[in-house]
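Asker: What follows is a predicted protein model with its sequence.
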Amino acid sequence: MPGSIDDLIPSAKNIRKEAALKEAEKADQYARLAAAAEAEKHALIERLSRPSGKSEEEKIQLASTIIQRAVRNGLTEVQVYRFPNSLCTDGGRAINQMESGWENTLTGIPKEIFQLWGDYLKPRGYRISYQIIDYPGGIPGDIAITISWGD
């Protein structure tokens, strides 16, 4: 038999040590990926919390395109945006409780959409709703903005 038995079959202690090193490498890689994802999420939220930089004309054109596409598909409402509750100054509490003045808690793009609706869509009979659409861990999560025009 070539070599010793120790060369062919390592001890259980050595195998456990090797397995622990592999687990540590996996955990380290997971931690790096999680940190990168969290940084990306924070960057996105930061970008969404600021005005979009689009002109009124661009915003109106985008709204028109979204609405026309929905109408062609036989819909009477369309979700136009989804955003994290952190873009509300109260974390979405007022929206969740349907409190009067909830729109004053909006920031960034969600606020722009509400203003666009108030200026151009509401006078034409469109309705808007902001609604919590998920509850991770039992607490309010993302919020959807829906524009509707049906009865």
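Answerer: Done, it's in.

Asker: Now stretch 111-130: buried residues?
Answerer: 111-114, 116-117, 121, 128, 130 (16 or more other Cβ atoms under 10 Å). The way it works is simple: take the backbone N, C-alpha and C, and place the C-beta from them, glycine included.

Asker: Would you point out the most distant pair within the residues you listed?
Answerer: By the measure Cβ to Cβ, Lys111 and Leu121 form the most distant pair in the buried residues of stretch 111-130, at 14.9 Å.

Asker: hey, where'd the strands end up in the protein?
Answerer: 77-83, 127-132, 143-148 (DSSP state E).

Asker: ok and the longest one relative to strand 127-132, angle-wise?
Answerer: With axes from the mean of the first three to the mean of the last three Cα atoms, to 10 degrees as the basis, strand 77-83 and strand 127-132 are set at 40 degrees to each other.

Asker: How about Tyr135, nearest residue that isn't a chain neighbour?
Answerer: Spatially, and ignoring its direct neighbours in sequence, Tyr135 is nearest to Gly141 (5.8 Å; Cβ to Cβ, 6 or more residues apart in numbering).

Asker: How confident is the prediction for that neighbour, by pLDDT?
Answerer: Reported pLDDT at Gly141 in the predicted model: 92.

Asker: likewise the one 4 residues further on?
Answerer: If you check Ile145, the pLDDT there is 95.

Asker: didn't it look like it was pressed against Tyr130?
Answerer: Yes - under the criterion of Cβ atoms under 8 Å, Ile145 makes contact with Tyr130 at 5.6 Å.
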